[in-house]
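In: Predicted coordinates and the sequence they were generated for:
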Amino acid sequence: MKPYDVLAVGAHPDDVEVGCGGALIELSERGRRCALAILTQGEMGTGGDPDIRCAEIETAAHVMGVDVAEVFDWGDTKLTDSYEHRLELGQIIRRLRPRIILCPWPQVFHGRRQSHPDHVAAGQITINAANVANLRKAPIEGDIHLVTRIFHYFLPPNVTPSVVVDITPHYDRWMQALAAHQSQFLNPQKGKDYMESLSIMAKSFGALARVKYGQGFATAEPAVVRDITTLADPHPTEETRRLAQ
């Protein structure tokens with residue numbers, strides 16, 4: 001199988017769309033192969049059930065132009081970084097052979113914006129599964145695989161993103177991917193307008209990079225570049241310039 005460029009890991013059925021959906025749309029538009037691995041079926045969410053939420057994953061993935069590699073049933077609100085989970089996700093990593101993994105921030109932040117424990121566990125599982133996938137003696141099938149880079153989303157307020165992806169040209173399509181999770185974001189049982197909140201968050205990340213809408217990611221290791229000028233884009237696309245006005 002042709003290797004994937006990116007594997008996005010989420011604890012719940014809508015995490016990837018929230019944290020990096022716009023970035024995945026940008027990647028798919030560039031012809032990059034992207035896949036999702038979702039660790040729980042979101043059965044503890046206010047709306048929906050496992051069948052509904054898994055169907056919503058497929059719909060959102062179609063909107064984003066990515067593949068659904070695996071939806072595990074590891075227990076919503078019960079997710080833990082166990083050896084067994086590392087092996088199972090490590091097997092997926094060996095099968096897909098992604099260069100980059102996107103996953104939640106793996107540390108707890110205290111206060112009103114405390115991280116969901118499932119998000120923290122998902123980040124920890126992913127980091128350790130990537131390590132397992134590169135161990136020759138790991139008891140999983142397939143050739144060893146070394147992931148080049150892991151980027152984290154769901155950043156707490158005290159963490160400055162290492163990179164911001166400009167999702168301005170894809171804002172409407174990102175909203176469509178979020179809306180695919182009707183049981184969560186278009187649910188009258190919920191008083192909060194989550195779509196508006198996510199739009200504001202995208203604006204805040206975008207402001208850091210002087211674009212209208214962005215999604216932020218952090219990495220533990222600095223990126224290596226040969227030509228530093230490739231990190232500067234003084235001429236935004238005409239569409240981005242128009243949307244930013």
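Out: Arrived safely, thanks for sending.
In: residues in contact with the closest residue to Phe154 other than its chain neighbours?
Out: Leaving aside its chain neighbours, Phe154 sits nearest to Pro104 (4.4 Å; criterion: Cβ to Cβ, 6 or more residues apart in numbering). Just so you know, the C-beta spots here come from the backbone N, C-alpha and C atoms, and that holds for glycine as well. Contact analysis of Pro104 by Cβ atoms under 8 Å, 6 or more residues apart in numbering lists 9-11, 15, 19, 115, 119-120, 122-123, 126, 152-154.
In: In these, which has the lowest confidence score?
Out: Lowest pLDDT of the contacts of Pro104: Ser115, 75.
In: Pairing partners for the residue nearest to Phe154 in the sheet, please.
Out: Tyr153 (DSSP bridges).
In: and it, how far is that from Lys212?
Out: 25 Å (Cβ to Cβ, to the nearest Å).
In: Going by residue numbers, what spans are strands in this protein?
Out: Along the chain, counting by DSSP state E, strands occupy 6-10, 34-38, 67-71, 100-104, 149-153, 163-166, 214-217.
In: Can you report how many residues lie near the nearest residue to Phe109 once chain neighbours are set aside?
Out: Distances taken as Cβ to Cβ, 6+ apart place Pro156 nearest to Phe109, at 3.4 Å, with adjacent residues excluded. Residues near Pro156, counting by other Cβ atoms under 10 Å, number 15.
In: Pro156 is in contact with Pro106, isn't it?
Out: No - using Cβ atoms under 8 Å, Pro156 is not in contact with Pro106; the gap is 11.1 Å.
In: Longest helix in this structure, please.
Out: helix 117-133 (DSSP state H).
In: for that one, packing partners?
Out: strand 6-10, helix 83-96, strand 100-104, strand 149-153 (3 or more Cβ pairs under 8 Å, 6 or more residues apart in numbering; DSSP states H and E).
In: can you pull the buried residues of that helix?
Out: Buried residues in helix 117-133, counted by 16 or more other Cβ atoms under 10 Å: 118-130, 132-133.
In: who touches that helix?
Out: Taking Cβ under 8 Å, 6+ apart as the rule, helix 117-133 contacts 9-12, 15, 39-40, 76-77, 79-81, 85-94, 101, 103-108, 138, 140, 144-147, 150, 152, 154.
In: Just the buried ones among these, please.
Out: Buried, going by 16+ other Cβ under 10 Å: 9-12, 15, 39-40, 76, 79, 81, 85-94, 101, 103-106, 138, 140, 145, 147, 150, 152, 154, out of the contacts of helix 117-133.
In: my read: Thr59 touches Ala180, true?
Out: Yes - counting by Cβ under 8 Å, Ala180 is a contact partner of Thr59 at 4.1 Å.
In: what residue lies at the spatial centre of the chain?
Out: By Cα atoms, centre = their mean, the chain has its centre lying nearest to Val16, at 3.7 Å.
In: Quick check: chain neighbours aside, which residue is closest to it?
Out: Val16 sits nearest to Gly10 (Cβ to Cβ, 6+ apart), 4.1 Å away.
In: Quick check: that neighbour vs Val71, distance?
Out: Taking Cβ to Cβ, one finds Gly10 at 10 Å from Val71.
In: who touches both of the two?
Out: Common neighbours of Gly10 and Val71 (Cβ under 8 Å, 6+ apart) are Ala37, Ile38.
In: low-confidence ranges in the chain?
Out: In the predicted model of the chain, residues 110-114, 191-192, 233-245 satisfy pLDDT under 70.
In: which residues sit in contact with the residue nearest to the centre of the chain?
Out: Ala8, Val9, Gly10, Leu24, Leu36, Ile38, Leu102.
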